[in-house]
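In: The sequence isn't on hand, but the structure is:
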């Protein structure tokens, strides 16, 4: 066995640049995905059948199809209809739409897990539905949602590697480019795995501290 990590370590700055792009994609995808998820969850629990039906359709389609297919539709398919977007836009939007569908169900489940009596009690005290959701239901639902949301955030960070298929030079694609020049597949892929592990571990530590802080409140 002839392993030589010195070549890869000399190229580490290029991989770090790829990490920054990965984090950028993940950040914007998560931010936009949260917007989609919150909006989708509110529509899912709405008494308006049209909004509820549209939200159900969104979740059903997105969760039932691979994220890679969704990215390909946005980047390679839409130009056929005259809609063109950059690889970064397609990557972020595709991951955001996918993440949003899962967050929709996480938030919906968190809200519905709160005892209905809480809402009734709040409204009996003179609060309207909106105030009760924000002041009473929301804080309790957030505590319930944090663990599955953390898992979904980690999945989004890992799914960002799929963005390399639409020509975004994030961590995985940067690693593949190094393989073409160094012919060191094992070393490159293991270093990439370690970098993903570090990023996800930092994320998990922050999320764990946030969860413990929420439990103390």
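Out: Noted; the coordinates are in hand. Because the structure is predicted, anything quoted here is derived from the model rather than measured.
In: For the most centrally placed residue in the chain, what is the enclosing helix or strand?
Out: Central residue of the chain (CA atoms, centre = their mean): residue 156, 3.6 Å from the mean position. Here residue 156 sits within helix 138-159, counting by DSSP states H and E.
In: contacts for that helix?
Out: Contacts to helix 138-159, defined as CB atoms under 8 Å, 6 or more residues apart in numbering, come from residues 22-23, 26, 29-30, 33, 67, 95, 98-99, 102-103, 106-107, 109-111, 113-114, 118, 196, 199-200, 203-204, 207, 210-211, 214-215, 217. Any C-beta I mention is one placed from the backbone N, CA and C, and that applies to glycine too.
In: Can you tell me, leaving aside adjacent residues, what's nearest to the residue nearest to the centre of the chain?
Out: residue 99 (4.8 Å; CB to CB, 6 or more residues apart in numbering).
In: What about the contacts of helix 138-159, which are in helices?
Out: 22-23, 26, 29-30, 33, 67, 95, 98-99, 102-103, 106-107, 109-111, 113, 118, 196, 199-200, 203-204, 207, 210-211, 214-215 (DSSP state H).
In: Now list the buried members of these.
Out: The neighbour count (16 or more other CB atoms under 10 Å) marks 22-23, 26, 29-30, 33, 67, 95, 98-99, 102-103, 106-107, 110-111, 196, 199, 203, 207 as buried among the ones in helices among the contacts of helix 138-159.
In: hmm, back to that, per-residue confidence for the residue nearest to the centre of the chain?
Out: On pLDDT, residue 156 comes in at 91.
In: same question, residue 214
Out: pLDDT recorded at residue 214 is 68.
In: Also residue 1?
Out: Reported pLDDT for residue 1: 59.
In: Number the residues from 39 up from this point.
Out: Sure thing, new numbering starts at 39, so read that last one as residue 39.
In: What's the separation between the closest residue to residue 64 other than its chain neighbours and residue 235?
Out: In space, residue 64 comes closest to residue 195 once its chain neighbours are excluded; the distance is 4.6 Å by CB to CB, 6+ apart. Noted for residue 195: a distance of 11 Å to residue 235, by CB to CB, to the nearest Å.
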